[in-house]
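Undergrad: return atomic coordinates for the entry below.
(chains A, B, C and D)
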Amino acid sequence: MEEFIQQLTNGLAVGGIYALIALGYTMVYGVLKLINFAHGDLFTYGAYLGLTLLTSLALTDRLGFTLGMVVLVLMVMGLVAVLGAILERAAYRPLRESPRLSAVVSALGASIFLQNALMLIYGARFQVYPDNILPTATLNIFGLYLPLMRVLIVLASVLMMIVLYVFIQKTRIGTAIRAAAIDQGAARLMGIDVNRVILMVFLLGPALGGIAGLMVGLYYGQVNFTMGWVYGMKAFTAAILGGIGNIPGAMVGGLLLGVIEALGAAYLSIAWKDAIAFCVLILILIIRPTGLLGERVADKI
Amino acid sequence: MNSFSANDGDRELPLLALQGLTKTFGGLTAVKDVSFTVEKGAIVGLIGPNGAGKTTVFNLITGNYQSDRGQIIFADQLLNGLRTHRIIMRGLARTFQNIRLFHQLTALENVLAGCHYRMRGGIIASMLRFPTQQHEEQAAADCAWRELEFVGLGQYGWIAAKNLSYGDQRRLEIARALATQPRLLILDEPAGGMNEQETKALIGLIGQIQERGITILLIEHDMRLVMQVCEKLVVLEYGSKIAEGSPDQVRCDSKVIEAYLGAEDEA
Amino acid sequence: MKRFKPFTIALFVASLVFAPLFLNTYQVDVLNSIGLYTLLALSLNLILGEAGLFNMGHAAFYAIGAYTSAILNTRYQIPILWTLPLSGLIAGLFALVVARPVVHLRGDYLLIVTIGVGEIVRIALVNDVFGLTGGANGIFSISRPKLLGFTIRQPQEFHYLIWGFVALTIFLFIRLKQSRFGRALNYLREDEVAAEGIGIDTNYYKLAVFGLGAAWAGMAGTLFAAKMTIVSPESFSFWESVMLFMIVILGGAGSITGIVVAAFLVIGLPELFREFAGARMLVFGLVMMVMMVVRPQGLLPARSQQLSPTLLKESNR
Amino acid sequence: MKKRLLILVAALGLALGGGVAQAAETVKIGLMAPLTGSWASEGQGMKNIVALLAEQQNAKGGALGKPIEVITEDDGGDPRTASLAAQRLTTKGVVAVVGTYGSSVTEASQAIYDEAKIPQIANGSTAIRLTEKGFKHFFRTAPRDDEQGRMAAQTIGKLGFKKVAILHDSTSYAKGLADEANALLKKQGVDVVFFDALTPKESDYTAILTKLKGANPDVVLFTGYYPEAGQLLRQKKGMNWKTPFIGGDATNNADLVKIAGKEAAEGFYFLSPPQPQDLDTPEAKAFLTDYQKKYNELPPSIWAVLAGDGFRVAVAGIAGAKSTDGDKVADYLHTRLKNYSGLSGPISFDAKGDREGDVYRVYKVDAEGKFVLQKL
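TA: Got it, this is the predicted structure:
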């Protein structure tokens, strides 16, 4: 039982990161019906930018830990968001009226480009965050070992998801995003600037992905130019699992995928972990063809 | 089938009979206990205000939706539970309210789709181009051209469907349905979006289809068309049948007048 | 066939036929690689381009074909080319079994499921499923293929085997495209509801095309196993499926000529960019993006007229 | 458009053909390395080292009086690309090839070089079968998995551990080593309480560590690569779990300590051929100084250093055979090159092309994060 709970928390910690990245996939998909395969690479850029800013500006030394971190987070968010907007402009906007799959191939090309650009800038070796930036305290709760930072990571990701959810539900631009997701044409007729909505989505999603990258970098310490593929694919899976286009779905899907992986590794097989996760995904989709929280759109005939 | 052929000349025998058809979506009852018959060789109109459940009835007949209750009997056989393509193979064909052509494909290819189920050629026969397969393709093409010419699109066979005018697209959809050689043709708002001239031509076309011995069931908002071509009308409101009878009978029905006055602007 | 004039095609075929006389082994091997990917992309095109079913796990079927041949050859000493139909059959059957419960899924959901199937197959291969696949080592010492008593060994010899098979495939697939079966796939892609509503058993065609595309990929797997004499899971990664996906879309979904050209670009360009050393994939990614933006419909989009010449005569009526 | 496409395709063909330059004034040695893909860092290290050594050799007069030209081809860490790279090198007239990293990648190129009679000296390819096929022109400076497996079992025995957990990463190298060690440990009567594989390239291995901990071993043998090893050590510490880890030679990489952090890495054992800094041969010392001077860092891994040895062996083979003929060079390397002073210790090849002698050492990471040679 103790091991079970430990594994559950392990899964939730990983799942929180998946969920943050999955939000980017799901938001872009919701509005553009596009799978942004380069989103995982934006996550990697978040991790690398965080590293560069941290070491070159020495933010935590100059500003103290808390303030330094806040500034760092904001800078990474801002930069990755700008990168996301540039990506949208260069790779997707010209293809908005084209067949959907053309944009997918463009996204794949962008992903290859971004990944290799990073390799050329930073080199192919693993990059390592400076040691001892984060407190390394470990909480011991009823025999469960919970590193403090892990708890904070989960809390931070959940907090960000809630903020995003409230933003989408309550603000004007959030409403515009939702409207554009339902029917772009109608939204345009209602006077919503769809280009602005799309830009917004390409700022928000990458910003969250960037933070996820920064958190992974800070906590796990190592970053690599190919890490976006692994995390991106997992997050995309999570978004589908929850029902792509649905924001709470991405959160649920992310956390659930993390837990499935941890429990699959713990009780079935570590080597088959990813296969188990995919099998669960396929089973869920057979039962619920549009994911857990996805709307079941009946055919309009 | 044989019971049917024995009475071939009898116009009053129902080709299609709906009995107590009911369908709910979530909490909403879209079709409630609807029964009516379509006699062989007749032209029957299904009318009613928007949202009355007319298209849902069509979708139930062609198996796009499964009914919760009730029976659909076509030529003495139960259609309930059959997949759509199976129903089409029994001799029903339909058009769609929002034209559903294969837009990137040519008009000819669209009509060839209707010939599909009568053909046999499989993967291997096609790859190796067996003579039988070639004959079949040729026969299908002949049939498709005939239908195209029948609806007056003979010269547009090589045009992609998306490049045809709206009215022509409607006709193409009819040609495609006719290519399945149906006994019952179901038309969902065939005059929708047509101008006066096109509607007039359509009325002629519907008459020609009837002359070929094909029974027609149609939904239409254009009352002139309905009154002119239909021999019988069925009126739906809020999913229930409120009237049934000849156009003259229905025109005078108090419930129908009420329903249409309440929603006149939609008609 | 109007657009690509017979002369162009003849020129292309002739240059392929005589290529081994002028090119060195490396260049011929690049051509072989392109040929293999053309074959795979043509098989994926049936599923993705013609029928419009999103499949990003095609490498799974390719892998199953390659492993079937490798296992039959190394364990039972069956000559490798004899395993060709069997590889196709097993890959096709596998596709039918996995596709059966999922083909009804819509676009992107099907996409992730096929990615999942691809990954599950790869993980199974890595973990030496049933003790047959040799784990991460893969299977090695596959014997060289023999054709009419002649052992195929050199890239120049493989060139004719592979491109011969490509030619046969194109010949058969053009005929398939111009038939009832091929049209049914297009109806499926254009509008599934309308296709079903006109009497086409959409479920049957979805399954059939998955089976056929997979079977062809399986046979390409046999050729791969024969050429490499070793199969290992790395060769069937998600990345391979992505490359095939890019070839089909870049070429113009449903367009056979487009796909041949795209295979030359997608497989040939990274070789060409060897001069850029470490930056070669960077340039490649950029080129992919630019090509898609410049030609959003693909390089040579499929035309809508796909009828056999006998039907063309009808237009004179 | 179609014309432009045609021109593009034709240009592609021409450009592919254009790469062949004919110049006989140099001795061409090929380097096949993963410059892109997952193992790009190894490949770039290999390239740096070989470039440095070639520069030095040319300063000393090259080979057979001609300057050496290194021709590098990217194998992308993938078998198909590797076979193309090999074909390309053979057409460029190289007389010997160094590389590559990864057994299955090497395997895809072996037959091509052998048929072309070009000696190939692999650096990071330890799978047993590579030298069991009777290729006359294949050599490797890397030791074999079975030798390392033997060493791993021996070390665990000597350190007195009774319950061992074995973790690999499903790569052919790690799995081979794990299998080898597993069999030998069982024979020694050591209890193997856990045997499974993690998925490489992930960041979070806590689920696996939690499961490992549940098996309660005395020691964990991890046969995979350094990024995962570093991550395991780091997260192990986060869990307050003290059981020691032993790694295979793929964990010998300076980045291991950076990833894990010094505290977490302390006490980690690993097996490896000796590092240049632990050799007291003048060659090794000089090489190390020069490398640091040129690239301002230590060599990234022992595998890159072994590629350097491969290059030196190739040069020695050409010099010894007094010829660039592949058969003669291979003969010389098989029979007459004995105890050649390599950067990683004395090098001799047996009839199969394997490196002779006891190559492995045991290292332990100290509190400073330094790799300290252990005497067991």
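Undergrad: how about stretch B:71-88: buried residues?
TA: By neighbour count on 16 or more other CB atoms under 10 Å in any protein chain shown, the buried set for stretch B:71-88 is B:72-75, B:79, B:82, B:84-85, B:87-88. Heads up, the C-betas are built off the backbone N, CA and C, glycines and all.
Undergrad: contact partners for whichever residue of the stretch 51-200 of chain A sits closest to chain D?
TA: Nearest residue of the stretch 51-200 of chain A to chain D, counting by CB to the nearest CB: A:A124, 3.3 Å away. Shown in contact with A:A124 (CB atoms under 8 Å, 6 or more residues apart in numbering or on different chains): A:225, C:278, D:40-41, D:43-44.
Undergrad: in those, which residue is surrounded by the most others?
TA: D:G43 (32 neighbours; other CB atoms under 10 Å in any protein chain shown).
Undergrad: buried ones in whichever strand or helix holds it, by neighbour count?
TA: Per DSSP states H and E, D:G43 falls inside helix D:40-59. If you call a residue buried by 16+ other CB under 10 Å, then helix D:40-59 has these buried ones: D:40-54, D:57-58.
Undergrad: next secondary structure element downstream of that helix?
TA: Downstream of helix D:40-59, the first helix or strand assigned by DSSP H and E is strand D:68-74.
Undergrad: before we move on, back to that, which of the buried residues of stretch B:71-88 lies closest to A:G221?
TA: Nearest to A:G221 among those is B:T84, at 57.4 Å by CB to CB.
Undergrad: roughly how far does the closest one sit from chain C?
TA: 4 Å (CB to the nearest CB, to the nearest Å).
Undergrad: is chain D within reach of the longest helix belonging to chain A?
TA: The single longest helix within chain A, with elements called by DSSP state H, is helix A:2-32. Yes. Helix A:2-32 lies within reach of chain D by CB under 8 Å from any CB of the partner chain, at A:3, A:6-7, A:10-11, A:13-14.
Undergrad: name the residue closest to the centre of chain D, please.
TA: By CA atoms, centre = their mean, chain D has its centre lying nearest to D:G124, at 2.3 Å.
Undergrad: show me what contacts the closest residue in space to it that isn't next to it in sequence?
TA: With CB to CB, 6 or more residues apart in numbering or on different chains as the criterion, D:G124 has its nearest non-adjacent residue at 3.5 Å, and that residue is D:Y101. For D:Y101, the contact set (CB under 8 Å, 6+ apart) comprises D:33-34, D:39, D:42-43, D:46, D:77, D:123-125, D:303.
Undergrad: same check, this time on D:F311
TA: D:29, D:31, D:49-50, D:53-54, D:70, D:98, D:121.
Undergrad: which pair in those residues spans the largest distance?
TA: Most distant of the contacts of D:F311, by CB to CB, are D:A54 and D:I121, 14.3 Å apart.
Undergrad: burial of the closest residue to D:N48 other than its chain neighbours, as a residue count?
TA: If the residues on either side of it in the chain are set aside, D:N48 comes closest to D:Y295, at 5.7 Å by CB to CB, 6+ apart. Burial of D:Y295, expressed as a neighbour count using other CB under 10 Å, amounts to 15.
Undergrad: strands of the chain, start to end?
TA: Went with chain A since none was named. A:127-128, A:138-141, A:144-147, A:222-223 (DSSP state E).
Undergrad: ah, I was thinking of chain C
TA: Ranges of strands within chain C are C:146-147, C:150-151, based on DSSP E.
Undergrad: coming back round to it: pick the most deeply packed of the strands of chain A.
TA: Most buried of the strands of chain A, by mean neighbour count (mean count of other CB atoms under 10 Å in any protein chain shown): strand A:222-223, with a mean of 25.
Undergrad: contacts only, for residue 174.
TA: If you meant another chain, say so; for now it's chain A. A:167-168.
Undergrad: my bad, chain C
TA: So C:I174 contacts C:I256 (CB under 8 Å, 6+ apart).
Undergrad: now do C:G138
TA: Per CB under 8 Å, 6+ apart, neighbours of C:G138: C:70, C:125, C:230-233, C:235, D:104, D:172.
Undergrad: which of those ranks first by neighbour count?
TA: Neighbour counts for the contacts of C:G138, by other CB under 10 Å, peak at C:A70, which reaches 31 neighbours.
Undergrad: and the gap between that one and chain B?
TA: 27 Å.
Undergrad: does that residue touch C:A225 like I think?
TA: Yes. Contact criterion CB atoms under 8 Å: C:A70 and C:A225 qualify, at 4.9 Å.
Undergrad: who touches both of these two?
TA: Common neighbours of C:A70 and C:A225 (CB under 8 Å, 6+ apart) are C:142, C:231.
Undergrad: any stretches of the chain with poor pLDDT?
TA: I went with chain A, as the question did not name one. A:132, A:136-137, A:142-143, A:296-301 (pLDDT under 70).
Undergrad: my bad, chain B
TA: Scanning chain B for pLDDT under 70 picks out B:1-12, B:261-267.
Undergrad: center of it - which residue?
TA: Geometric middle of chain B (CA atoms, centre = their mean) lands on B:I186, at 1.3 Å.
Undergrad: so what's the residue count around A:A262?
TA: 29.
Undergrad: swap that for C:L212, sorry
TA: As a burial measure, C:L212 scores 23 neighbours (other CB under 10 Å).
Undergrad: ok, it to C:G49 distance?
TA: Separation of C:L212 from C:G49 (CB to CB, to the nearest Å) stands at 13 Å.
Undergrad: check D:P217 too.
TA: 53 Å.
Undergrad: could you do A:R89 as well?
TA: Look at A:R89 and C:G49: by CB to CB, they are 29 Å apart.
Undergrad: neighbour count winner among these two?
TA: C:G49 (28 against 12).
Undergrad: briefly note if stretch C:284-296 comes near chain B.
TA: No. Shown here: stretch C:284-296 not in contact with chain B (CB under 8 Å from any CB), separated by at least 14.7 Å.
Undergrad: which one of the contacts of D:Y101 sits closest to C:L110?
TA: Using CB to CB, those come closest to C:L110 at D:G77, 30.3 Å.
Undergrad: contacting residues for the closest one?
TA: Here D:G77 is in contact with D:34, D:36-40, D:43, D:101-102, D:105 (criterion: CB under 8 Å, 6+ apart).
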